[in-house]
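[1] After the sequence you'll find the predicted model.
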Amino acid sequence: QGLWAAMEWHAQEFLQATGLRGQFNMNITPEAPAPGDALATAAYRIFQEILNNVARHANATAVDMKINADMRALTIRVRDNGRGITLEQLRHTGAHGVLGMRERARYFGGRFGIGPAASGGTRVRVWLPFMPGGEGGDDPSADL
């Protein structure tokens, strides 16, 4: 259970600590492999940083979190209803959290996307393949 239980626990603790309304949905297919230690740590840290950014910067009242895994990859999706991130904020040299998440994803052959959600707020998508050079999966920038 490792990573999956840790992510669920963190999501529940986050909602309780911040008082935000929200949903946490996890869909792990039976054929999804258990991620290796390094990938599991990276995925957890990315998820943790996304939620930290919601708490610190979004001024949100609600957040939706979705974790999906199949035989190819793990996908993390988080959307808040806050003020939304701007392109200027993304370009700011002090955006170390975003840079760190992007670099963690790239290290494992994954992709990271962040931007304003169409309905307001910010949307983040992360795609991490279980096997280096994995093919397929969602384009994390598709819904931004």
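    Received, thanks.
[2] make it CA atoms for all contacts and neighbour counts henceforth
    Fine.
[3] Let me see the contact set for residue 34.
    By Cα atoms under 8 Å, 6 or more residues apart in numbering, the contact list for residue 34 is empty.
[4] Same check on residue 11?
    24, 65.
[5] Surely residue 52 is within a helix?
    Yes: judged by DSSP: H, G, I helix; E, B strand; the rest coil, residue 52 forms part of a helix.
[6] Tell me the pLDDT of it.
    pLDDT, residue 52: 95.
[7] Tell me how many other residues surround it.
    Residues within reach of residue 52, counting by other Cα atoms under 10 Å, total 14.
[8] Then residue 82?
    By other Cα under 10 Å, the residues close to residue 82 number 20.
[9] same check, this time on residue 43
    Residue 43 has 25 neighbours, counted by other Cα under 10 Å.
[10] And it, its phi and psi?
    phi -60, psi -40 (degrees, to the nearest 10).
[11] can you pull the contacts of it?
    Contact analysis of residue 43 by Cα under 8 Å, 6+ apart lists residue 128.
[12] Next: the one 10 residues further on.
    Under the criterion of Cα under 8 Å, 6+ apart, residue 53 has no neighbours.
[13] That one and residue 67, how far apart?
    According to Cα to Cα, to the nearest Å, residue 53 stands 18 Å off from residue 67.
[14] and if you look at residue 25?
    Taking Cα to Cα as the measure, residue 25 falls 6 Å from residue 67.
[15] Neighbour count: those two, which is higher?
    Higher neighbour count among residue 25 and residue 67: residue 67, with 20 against 13, using other Cα under 10 Å.
[16] Sheet-wise, list the partners of whichever strand or helix holds the more buried one with their directions.
    According to DSSP states H and E, residue 67 maps onto strand 62-69. Each strand paired with strand 62-69, and its direction, by DSSP bridges: strand 21-28 (parallel), strand 73-80 (antiparallel).
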